[in-house]
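>>> below are the sequence and a predicted model for it; my questions follow.
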Amino acid sequence: MTLTERILLDETPIPLKVAMRHLAGAVSVVTAGIGDERTGATVTTAHSLSVEPEVMVVSINLSSSTWAAISRYRHFCVNVLRADQIGIADRFAGRGGLKGSARYDGAGWSSLATGALALDGALAAVDCTVQDTIVRHSHALILGSVRHVVSGEPGPALIYHHGTYGSS
């Protein structure tokens, strides 16, 4: 049965969340804050908006500590994870119950131009200052002016698809 036939026969709408699980996404950790107010989140919603000028976009839940830190400090860093950095992705996704600055334990970090932290060994780290925010419903789209980019060693990227991690 084709997708069109399934849509026509099925009167129960498929939630957007279920449909989006079919889309594989690169896994990044967005970091923000300074000192004990450091926090961050694992996302699959970070990407470049433009390269001239250099602007990044991230989507962050308004109820998260990451949103509060980005709002206060007006900076964030997108850390593109390698395939072997699942533990870091899990920590920043809140698995294991770690919160705030405790999520940074067990890995090396470097402060970049804005004060946001870059993960040592990430495929790339993109340091940004907040240029603009668009708040809609449960999330904010945050546009960031790129201030500094660190490129790591090439390798397979960590991806997320149908509730599991994989590699590119």
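Alright, I've got the coordinates.
>>> against Pro13, how distant is the residue nearest the centre of the chain?
The residue lying closest to the centre of the chain (CA atoms, centre = their mean) is Val43, at 2.9 Å. From Val43 over to Pro13 the distance is 26 Å, taken as CB to CB, to the nearest Å. C-beta coordinates here come from the backbone N, C-alpha and C atoms, glycine included.
>>> ok, back up a step: for the residue nearest to the centre of the chain, name its beta-bridge partners.
Counting by DSSP bridges, Val43 is bridged to Ser28.
>>> what's it in contact with, if anything?
Val27, Ser28, Val29, Val30, Val58, Ser59, Ile60 (CB atoms under 8 Å, 6 or more residues apart in numbering).
>>> can you give me the neighbour number for the second one?
I take that to be Ser28. By other CB atoms under 10 Å, the residues close to Ser28 number 31.
>>> ditto for Leu49
14.
>>> coming back round to it: how about the contacts of Val43 in a markdown table, adding pLDDT and distance to Val130?
Shown next, in a markdown table, are the contacts of Val43 (pLDDT from 0 to 100; distance: CB to CB, whole Å):
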| residue | pLDDT | distance to Val130 |
| --- | --- | --- |
| Val27 | 98 | 22 |
| Ser28 | 98 | 17 |
| Val29 | 98 | 18 |
| Val30 | 98 | 12 |
| Val58 | 98 | 10 |
| Ser59 | 98 | 14 |
| Ile60 | 98 | 11 |
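>>> if we take the residues you listed, which one ends up nearest to Ser50?
Of all those, Val58 has the smallest distance to Ser50: 14.5 Å, by CB to CB.
>>> quick one, phi/psi of the closest one?
The phi/psi pair for Val58 (degrees, to the nearest 10) reads phi -130, psi 150.
>>> buried set for stretch 58-71?
Neighbour-count burial for stretch 58-71, counted by 16 or more other CB atoms under 10 Å, picks out Val58, Ser59, Ile60, Ser64, Ser65, Thr66, Trp67, Ala68, Ala69, Ile70.
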